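**Q** Provided below for reference: sequence and predicted model.
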Amino acid sequence: FEKERRVVEQEIMMAVDDLEEYIFDLYFERAFPNNPLGYQILGSAQSLRKLTLGDVKNYYNQHFVPENMIITAAGFIDHDEFVASIEKHLATKKWSTPQKQNLLVTPQQGLVRDFFQKDCEQYHILVGFPATAYADEDRFNSFILNTALGGGMTSKLYQSIREDRGLAYTVFSMLNTFTDIGIQTIYAGTEKSQVQETIDLIRKELKTVFEQGLTDSDIELYKTQAKGQILLGSEDIDNRMNSLAINEMIFGEYRPVESVIADIQKLDRKSIHEYIRKKIDLDNLSLFVMGAEKERFRI
């Protein structure tokens, strides 16, 4: 336990040094204050120091019970043999009564307008706005918007900020979906003198898609990209195993890749623009900047 505690301490320090990742931790703390979605998964050095071996054992005994488990497998296996093996191993363990889980109140994303001062060469920018929950019927519209904004080298932000202006080496958007809420984030890293211009370009692209939506040709391109990513992912055994578990947790059933592809194919310009108009509020975009010298930036 003590050896592993030291390993996690090192991991926490490593995470703080990876500023492209660390800014997301800080942003979520502010977007979801006093809610588990805002807590850092690794915890803090302070919370780690307070942890005891008894705490870990109690947590394990209360939560790691059959009633709370979903076990999935993918690859060259015999289903009946696999089930028999799992049942055999579970039967040998002494189980405690599972702890009743208190349902969390659906979190509300807060508007973030903040600056975090940290000694670093590059300035890190996050712009955020609400997105769809994991099982929401709009989830496929959100996939297309994310791909269009910053999902690859053909995306609007990549072309505008990196290719046309050369303002940032790294720029991307990320769709963060949970069971009951979601956040769309846009990240860019640049030097201090170019922070405001980068933010202005992000807002400009958001304003354009809000007012005009996406063209039919763009939608077909991004649909093709999204379908390609799903098909490629389905070829990876680890990905397939995780997909089985997520589908069971969220939907309570297996959803074949063909079904997901069919849902994406149904999307059109109207449904995507309706989603964009519903989620993007240009007057209430979150902005979080991290850099060496504190300064007020506008979104």
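**A** Sure thing, it's come through.

**Q** so where is this structure shaky, pLDDT-wise?
**A** In the predicted model, the chain carries pLDDT under 70 at residues 94-105.

**Q** Let's check: the centremost residue of it is which one?
**A** Nearest to the geometric centre of the chain sits residue 176, at 2.9 Å (C-alpha atoms, centre = their mean).

**Q** Name the next helix or strand downstream of the helix or strand harbouring residue 270, please.
**A** Assigned by DSSP states H and E, residue 270 belongs to helix 269-279. Next along the chain after helix 269-279, taking DSSP H and E as the criterion, comes strand 286-291.

**Q** That following strand pairs with which strands?
**A** According to DSSP bridges, strand 286-291 forms sheet pairs with strand 113-117 (parallel), strand 123-131 (antiparallel).

**Q** Could you dump these into a markdown table with distance to residue 217 and mean neighbour count added?
**A** The C-beta positions use only the backbone N, C-alpha and C, and glycine is treated the same way. Shown next, in a markdown table, are the strands paired with strand 286-291 (distance: least, C-beta to C-beta, whole Å; neighbours: other C-beta atoms under 10 Å):
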| stretch | distance to residue 217 | mean neighbour count |
| --- | --- | --- |
| strand 113-117 | 36 | 15 |
| strand 123-131 | 24 | 23 |
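
**Q** about what we covered before: who's in contact with the helix holding residue 270?
**A** Contact partners of helix 269-279, identified using C-beta atoms under 8 Å, 6 or more residues apart in numbering, comprise 129-132, 138, 141-142, 144-145, 184, 209-210, 213-216, 219.

**Q** And for stretch 245-256?
**A** 70, 72, 134-135, 179, 244.

**Q** Not counting sequence-adjacent ones, nearest residue to residue 240?
**A** Spatially, and ignoring its direct neighbours in sequence, residue 240 is nearest to residue 74 (4.2 Å; C-beta to C-beta, 6 or more residues apart in numbering).

**Q** For the one you found, I want the exact helix or strand it lies within.
**A** With DSSP H and E as criterion, residue 74 is part of no helix or strand.

**Q** And the helices in this protein?
**A** 2-17, 19-31, 45-50, 53-63, 79-91, 139-150, 156-157, 195-212, 216-234, 237-250, 257-265, 269-279 (DSSP state H).

**Q** out of those helices, nearest to residue 39?
**A** Proximity to residue 39 (C-beta to C-beta) singles out helix 19-31 among the helices of the chain, at 7.8 Å.

**Q** I'd like the distance from that closest one to the chain centre, please.
**A** The chain centroid and the centroid of helix 19-31 are separated by 12 Å, computed with C-alpha atoms, centre = their mean, to the nearest Å.

**Q** which parts of that helix are buried?
**A** 19, 22-31 (16 or more other C-beta atoms under 10 Å).

**Q** can you check stretch 263-279 too?
**A** By 16+ other C-beta under 10 Å, the buried positions in stretch 263-279 come out as 264, 267, 271-273, 275-276, 279.

**Q** buried sites along stretch 287-299?
**A** Under the neighbour-count criterion of 16+ other C-beta under 10 Å, stretch 287-299 has 287-291, 297, 299 buried.

**Q** now, among those, which is nearest to residue 5?
**A** Nearest to residue 5 among these, with distances taken as C-beta to C-beta, is residue 290, at 28.0 Å.

**Q** residues in contact with that closest one?
**A** When contacts are counted by C-beta under 8 Å, 6+ apart, residue 290 touches 19, 22-23, 26, 115-118, 120, 123-124.

**Q** One more: residue 28?
**A** Contacts of residue 28 (C-beta under 8 Å, 6+ apart): 37-38.
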